[in-house]
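S.K.: whatever this is, show me its structure:
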Amino acid sequence: MNINRVVLTGNLTADPDLRALSSGTSVARLRLAVNTRRKSSSGQWEEKPNYFNVTVWGAQADNCAQYLSKGRPVAIDGRLEWREYTTQDGQTRQTVEVIAETVQFLASREPTGNGPSNASRPASARSDTGDFEIAPSATGSIEDDIPF
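M.R.: Predicted coordinates:
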């Protein structure tokens, strides 16, 4: 059995590039920068960026184009895909890219006051804490409602 799995977290280096195929399927291209720490020849720790091309398909591509922008942190879960193509001048090129299965928006680039902001997240990504609030009981005591 073969395993082809990639998990990356980093920042977008540009706004998503959204296109539509003739079939109507959306495809977005993302460029992701992921820092790696390593020791330099002088023995000091330094960060070196690695850049990855990411392809996102379908409705998720539409969401990325609508809600993401340059600098936003994201987590990508997907697989690697190798492909070969011919340039306009006839040269054959090869590339490895990440095909995203899920894209998670990690934080807002908007300045936050005293707490996290959900302003730039899609409505479906907002947390609904209503299920976790304590419902008032008729007697006023929570312990009376516990069956054990």
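
S.K.: this protein: helices as residue ranges?
M.R.: Remark: helices assigned in the chain by DSSP state H are 59-67.

S.K.: so in terms of bridging, what pairs with D17?
M.R.: For D17, the beta-bridge partners under DSSP bridges are R29.

S.K.: now Q104
M.R.: So, taking DSSP bridges as the rule, Q104 has A75 as bridge partners.

S.K.: renumber starting at 717 from here on
M.R.: In the new numbering, first residue 717, that becomes Q820.

S.K.: how about stretch 801-817: buried residues?
M.R.: For stretch 801-817, burial by neighbour count (16 or more other CB atoms under 10 Å) applies to E813, V814, A816. The C-beta positions use only the backbone N, C-alpha and C, and glycine is treated the same way.

S.K.: chain center to that stretch: distance?
M.R.: 23 Å (CA atoms, centre = their mean, to the nearest Å).

S.K.: average pLDDT across it?
M.R.: Averaging pLDDT along stretch 801-817 gives 95.

S.K.: what distance separates the start and the end of that stretch?
M.R.: From its first residue to its last, stretch 801-817 covers 23 Å (CA to CA, to the nearest Å).
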